[in-house]
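**Student:** Sequence and predicted structure, then a few things I'm wondering about:
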Amino acid sequence: MPAIKGKKSKTYSYETKLEAIRLHMVEGWTYRKIMEKFEITDRHRLKHG
């Protein structure tokens, strides 16, 4: 769910972002599992490339 107008999106530290990348790339975690662990509610906050 995108942020509600006037409400800021949650921000994540550099370390948290690196851990999310590591979990996906090294451990093979799915985006859904990562979203649950880090309480990310907007799937568009996860980007890959």
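**Tutor:** Looks like it came in fine.
**Student:** Name the helix or strand for residue 33, please.
**Tutor:** Here residue 33, judged by DSSP states H and E, is contained in helix 31-38.
**Student:** Sorry, wrong one. I was asking about residue 12.
**Tutor:** Going by DSSP H and E, residue 12 is not in any helix or strand.
**Student:** same question, the one 4 residues further on
**Tutor:** Element membership of residue 16, judged by DSSP H and E, is helix 14-25.
**Student:** got the buried residues for that helix?
**Tutor:** Neighbour-count burial for helix 14-25, counted by 16 or more other C-beta atoms under 10 Å, picks out 20, 23-24. C-beta here means a position set from N, CA and C on the backbone, and glycine is covered the same way.
**Student:** Remind me what it packs against, helices and strands.
**Tutor:** In terms of contacts (3 or more C-beta pairs under 8 Å, 6 or more residues apart in numbering; DSSP states H and E), helix 14-25 is packed against helix 31-38.
**Student:** which other residues reach the helix it packs on?
**Tutor:** With contact meaning C-beta atoms under 8 Å, 6 or more residues apart in numbering, helix 31-38 is reached by 12, 16, 20, 23-24, 29, 40-41, 43, 46.
**Student:** Just the C-alphas of it, formatted as CSV.
**Tutor:** C-alpha atoms of helix 31-38 as CSV (Å, rounded to 0.1, in the frame of the first residue of the first chain):
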residue,chain,number,x,y,z
TYR,A,31,10.5,-10.8,-1.7
ARG,A,32,7.4,-11.7,0.3
LYS,A,33,9.4,-13.1,3.1
ILE,A,34,11.7,-10.1,3.2
MET,A,35,8.7,-7.8,3.2
GLU,A,36,7.4,-9.6,6.3
LYS,A,37,10.7,-9.5,8.1
PHE,A,38,11.2,-5.8,7.6
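**Student:** any low-confidence regions in this structure?
**Tutor:** 1-5, 7, 48-49 (pLDDT under 70).
**Student:** go with 80
**Tutor:** By pLDDT under 80, the low-scoring segments of the chain are 1-9, 45-49.
**Student:** Residue 16 and residue 42: what is the separation?
**Tutor:** Using C-beta to C-beta, to the nearest Å, we find residue 16 at a distance of 15 Å from residue 42.
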